[in-house]
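[1] What would the 3D arrangement of this be:
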Amino acid sequence: MSSAQRPAPFRMPERLFAELAAGGGSAAAVAFLERGERARRLLLLRTLLDRLDTLATPLTPAAEAWHVLKDAAVRAPEPVDRLLLAPATGGWLAHVLRRAHGTASGPALWAEAGHLCALAVTASLHAGTVAELRVPLVDGALSLPGLGLARLPGAAGDLTIGTARTSGGELTLAGPGHDGGTTSVTIRPGTAPLRSGAERIGEAGASEPVPMTGLRAAVRAERAGAAGADPAGAMPRGGGQRDDLEPQDDLEALPVAMTEAAASSWLPLRTLTHPTPTGTVAIPLDDLDPYRDLDDPLPPARLDAAEAAEWQRVFEEAVAVLAAPGGVGPGRLDPAWIRAVVPWGRTSTLPPAPPTVQASASSGDSFGAMVIARPSSARALAETLVHEFQHSKLAALLHLFPLLDDDRAERYYAPWRPDPRHLTGLLHGAYAFTGVAGFWRDRMAAARDDRAAVGEASVEEEAGYHFALRRLQSRLVVRTLLAEGRLTAQGRALVSGLARTLDGWLREPVPASALARARTAAALHRTEWRLRNVAPTDGAAHPADSPRFRPDRTSWPDVRTNAFAVRPAAPHTADEHLAAGDPAAALARYAEELAADPAEPHALAGWIVARATLDPGRAARRMLARPELLQPQPSG
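    Numbers count the residues shown, from 1 in each chain. Predicted coordinates for the structure are as follows:
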């Protein structure tokens with residue numbers, strides 16, 4: 001690896017592009033995208049190094065840190081390459097380049113640019129080389145990407161400068177103490193794989209997991225006089241590899257309190273694990289790296305041990321859900337392709353996690369990473385893993401090909417959003433939800449094959465609803481993209497591939513009641529979207545496909561998409577009657593709600609859809625096309 005490398009241009013084979021254009025993609029297609037991301041990452045690194053040449057810094061200069069990293073790559077090319085391709089590295093690169101262009105903010109630029117020194121330290125640890133670098137410390141801590149967080153005992157707070165020395169895979173970190181002196185610790189960093197089944201950590205009474213290499217490091221730190229760190233964040237003795245241990249009797253001779261206090265100097269990165277025929281796959285569960293999020297740096301948000309164990313449990317179950325029969329079509333995901341999962345919004349098991357994913361996101365700068373709020377349902381997590389990896393694939397394609405000419409004007413309807421979107425957002429949504437539709441198609445087929453099993457008929461119906469809804473919504477957006485005339489040749493080939501996939505799926509059978517609820521839910525979302533976003537105007541001046549937007553529009557919750565997934569057994573509310581297939585009862589209930597507030601968008605959307613369901617025809621089509629123009633007199 002060298003910033004001066006000039007790799008030969010490469011071309012994507014047509015068969016791989018065709019796989020991706022259909023919404024799926026084989027291992028070969030994903031590997032090709034990663035090759036493209038690697039080339040892009042090195043180009044961005046070269047750009048950043050050129051900009052950092054003139055940056056005044058109290059840390060080790062960027063050129064020297066890069067030299068340490070390159071030396072490590074010669075000794076250990078694979079782990080160093082993984083380090084440079086890690087999602088958080090991409091997030092850091094993009095953020096610092098935005099800082100250099102004045103389009104992002106953060107702490108002192110030299111400190112953020114100094115993350116390159118942390119990357120160099122980590123690379124040196126992987127390779128076992130000898131190095132010494134001046135590094136930025138935040139409250140006495142140094143983030144080691146892909147490994148964890150080293151914390152100096154008794155360190156000074158805020159942003160300070162420390163010294164990191166590496167030799168043979170061991171790190172000695174020194175920096176200012178809170179008493180004005182110097183504090184140091186010696187550790188051998190290692191990650192902490194989360195265990196499954198009987199090996200699972202995080203049961204009652206358990207605390208932070210640590211590989212035994214980390215414990216040995218902590219013992220060394222204790223002997224070096226690093227006692228006094230807060231035992232609340234300490235890591236217990238636990239499972240993991242033992243190759244680098246001192247004799248066990250030596251460990252047992254130390255007081256437990258002493259080893260726990262020393263262990264708090266190292267906070268390992270946890271990994272979600274699952275076995276495969278070729279070995280165990282470990283995916284970072286990253287709650288530590290400052291650049292794990294989508295843009296601005298974040299402080300560590302350490303998960304409780306029980307919450308980490310819940311992540312492992314639901315992840316294992318999600319992997320089992322994803323284990324559908326072979327193929328490379330949309331909705332198929334090899335979990336080994338995921339590069340990081342970033343937990344969002346909760347660090348403990350209380351309050352209990354909801355069944356659905358409340359928030360998820362990904363970034364084109366961080367291929368293979370996904371920010372997710374943990375659900376309690378394995379199927380919900382599996383669906384989200386598919387959804388977010390679809391975004392990663394499309395972002396990588398956008399780095400390789402100009403797919404569309406987007407003026408970034410937010411004026412288009414997206415069936416999964418409360419707000420208008422631009423064309424790039426539409427393309428991302430269509431690609432992601434085509435994958436989601438494929439995911440539910442597989443679940444529906446599996447349930448149909450096992451129809452004799454208890455409860456599988458209801459699973460087939462629920463999966464059929466989600467499949468029918470997402471194929472319908474995705475096809476609507478694909479039609480918009482094709483009609484706008486803003487796609488490049490490659491973009492038209494991609495979107496046409498999605499259209500072929502979706503057109504084929506539209507002919508596939510779905511349980512009748514599930515199909516009816518999906519069509520109703522789709523109509524409800526579009527109707528409420530227009531009522532909340534579009535200003536009533538003359539149809540000639542502002543046709544339905546180029547609306548004028550309300551200046552007072554705000555975000556609104558989509559409470560119907562998931563609520564309509566299951567047919568209510570005993571409907572009470574207007575929405576429940578509509579979901580149960582009784583539009584007449586629903587219309588009466590909506591009318592009662594509108595008597596108090598005739599313009600309330602949620603109830604008005606329901607009234608319009610229920611009325612159109614009862615009395616289909618030309619008038620109903622006009623009403624659904626431009627609901628914002630209607631002033632109904634809801635009498636039931």
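[2] Name the nearest residue to Thr186, ignoring sequence neighbours.
    Of all residues not flanking Thr186 in the chain, Thr172 sits nearest, at 4.6 Å (C-beta to C-beta, 6 or more residues apart in numbering). Any C-beta I mention is one placed from the backbone N, CA and C, and that applies to glycine too.
[3] State whether the one you found is indeed within a strand.
    Yes. In this structure, Thr172 lies within a strand as judged by DSSP: H, G, I helix; E, B strand; the rest coil.
[4] Specify the next element, helix or strand, located C-terminal of the biggest helix by length in the chain.
    Counting residues, the longest helix found in the chain (DSSP state H) is helix 456-484. Counting by DSSP states H and E, the element after helix 456-484 in chain order, helix or strand, is helix 489-506.
[5] if we can go back for a sec, quick one: mean pLDDT for the longest helix of the chain?
    Mean per-residue pLDDT for helix 456-484: 95.
[6] what does stretch 295-303 give?
    Taken as a whole, stretch 295-303 has a mean pLDDT of 93.
[7] on that earlier part again, for the residue nearest to Thr186, list the residues it contacts.
    Neighbour list for Thr172: Ala164, Arg165, Thr166, Ser184, Val185, Thr186 [criterion: C-beta atoms under 8 Å, 6 or more residues apart in numbering].
[8] okay if I get those as CSV plus secondary structure, neighbour count and distance to Leu506?
    Converted to CSV, the contacts of Thr172 look like this (DSSP: H, G, I helix; E, B strand; the rest coil; neighbours: other C-beta atoms under 10 Å; distance: C-beta to C-beta, whole Å):
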residue, secondary structure, neighbour count, distance to Leu506
Ala164, strand, 26, 58
Arg165, strand, 17, 63
Thr166, strand, 26, 58
Ser184, strand, 20, 65
Val185, strand, 29, 61
Thr186, strand, 19, 63
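[9] and the closest residue to Ala27 other than its chain neighbours, how many neighbours?
    Closest residue to Ala27 apart from its sequence neighbours, by C-beta to C-beta, 6+ apart: Asp334 at 6.6 Å. Asp334 is flanked by 15 other residues according to other C-beta atoms under 10 Å.
[10] I figured Asp334 hits Ser26, correct?
    No. The pair Asp334 and Ser26 does not pass the contact test of C-beta atoms under 8 Å, sitting 9.5 Å apart.
[11] since we're on Asp558, how many residues are nearby?
    Asp558: 16 surrounding residues under other C-beta under 10 Å.
[12] wait, Leu506
    12.
[13] Let me know the pLDDT of Arg195.
    Per-residue confidence at Arg195 stands at 83 (pLDDT).
[14] in which helix or strand would I find it?
    With DSSP H and E as the test, Arg195 turns up in no helix or strand.
[15] Go ahead and confirm it touches Thr273.
    Yes. When contacts are counted by C-beta under 8 Å, Arg195 is listed as touching Thr273 (7.2 Å).
[16] Quick check: neighbours shared by these two?
    Gln312.
[17] re earlier: helices and strands around the longest helix of the chain, which ones?
    helix 423-449, helix 489-506, helix 512-533 (3 or more C-beta pairs under 8 Å, 6 or more residues apart in numbering; DSSP states H and E).
[18] the inter-axis angle of that helix versus helix 512-533?
    Calculated by axes from the mean of the first three to the mean of the last three C-alpha atoms, to 10 degrees, helix 456-484 forms an angle of 40 degrees with helix 512-533.
[19] related to what we said a few turns ago, need the per-residue pLDDT for the residue nearest to Thr186.
    98.
[20] Could you list the single helix or strand in the chain with the lowest mean pLDDT?
    When the helices and strands of the chain are scored by mean pLDDT, DSSP states H and E, helix 248-252 comes last with a mean of 31.
[21] Where do the helices of the stretch 151-300 of the chain begin and end?
    212-223, 248-252, 256-263 (DSSP state H, counting those that start in this stretch).
[22] Could I get the average pLDDT for the first one?
    What helix 212-223 shows for mean pLDDT is 40.
[23] Likewise for stretch 92-109?
    What stretch 92-109 shows for mean pLDDT is 93.
[24] Phi, psi for the most centrally placed residue in the chain please.
    For the chain, the residue sitting closest to the mean C-alpha position, by C-alpha atoms, centre = their mean, is Met370 at 1.5 Å. When read as degrees, to the nearest 10, the backbone of Met370 gives phi -150, psi 130.
[25] check contacts around it.
    Taking C-beta under 8 Å, 6+ apart, one finds Ile338, Ala340, Val341, Val342, Ser360, Ala361, Ser362, Thr384, Leu385, Glu388, Phe389, Ser392 in contact with Met370.
[26] So which of the residues you listed sit within strands?
    With strands taken from DSSP state E, the overlap with the contacts of Met370 comprises Ala340, Val341, Val342, Ser360, Ala361.
[27] what's the closest of the residues you listed to Arg134?
    Using C-beta to C-beta, Ala340 is the member of the ones in strands among the contacts of Met370 that lies nearest Arg134, at 27.7 Å.
[28] Show me the shaky parts of the chain.
    1-8, 196-263, 325-326, 451-456, 538-545, 631-636 (pLDDT under 70).
[29] Packing partners of the host helix or strand of Ala63?
    Assigned by DSSP H and E, Ala63 falls within helix 62-75. When contacts are defined as 3+ C-beta pairs under 8 Å, 6+ apart, helix 62-75 packs onto helix 27-52, helix 77-85, helix 115-127, strand 131-138.
[30] change it to 6 Å
    helix 115-127 (3 or more C-beta pairs under 6 Å, 6 or more residues apart in numbering; DSSP states H and E).
[31] angle of the helix it packs on against strand 131-138?
    Angle of helix 115-127 versus strand 131-138, following the same axes, to 10 degrees, is 130 degrees.
[32] now helix 115-127, how far from the centre of its chain.
    25 Å (C-alpha atoms, centre = their mean, to the nearest Å).
[33] Could you export it as PDB, CA atoms only?
    Extracted C-alpha coordinates of helix 115-127, given in PDB (Å, rounded to 0.1, in the frame of the first residue of the first chain):
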ATOM      1  CA  HIS A 115      -6.600  10.900  14.000                       C
ATOM      2  CA  LEU A 116      -4.200   9.800  11.300                       C
ATOM      3  CA  CYS A 117      -1.700   9.200  14.200                       C
ATOM      4  CA  ALA A 118      -4.200   6.900  15.900                       C
ATOM      5  CA  LEU A 119      -4.600   5.000  12.600                       C
ATOM      6  CA  ALA A 120      -0.800   4.700  12.400                       C
ATOM      7  CA  VAL A 121      -0.500   3.500  16.000                       C
ATOM      8  CA  THR A 122      -3.200   0.800  15.300                       C
ATOM      9  CA  ALA A 123      -1.400  -0.300  12.100                       C
ATOM     10  CA  SER A 124       1.800  -0.600  14.000                       C
ATOM     11  CA  LEU A 125       0.200  -2.700  16.700                       C
ATOM     12  CA  HIS A 126      -1.200  -5.000  14.000                       C
ATOM     13  CA  ALA A 127       2.200  -5.400  12.400                       C
END
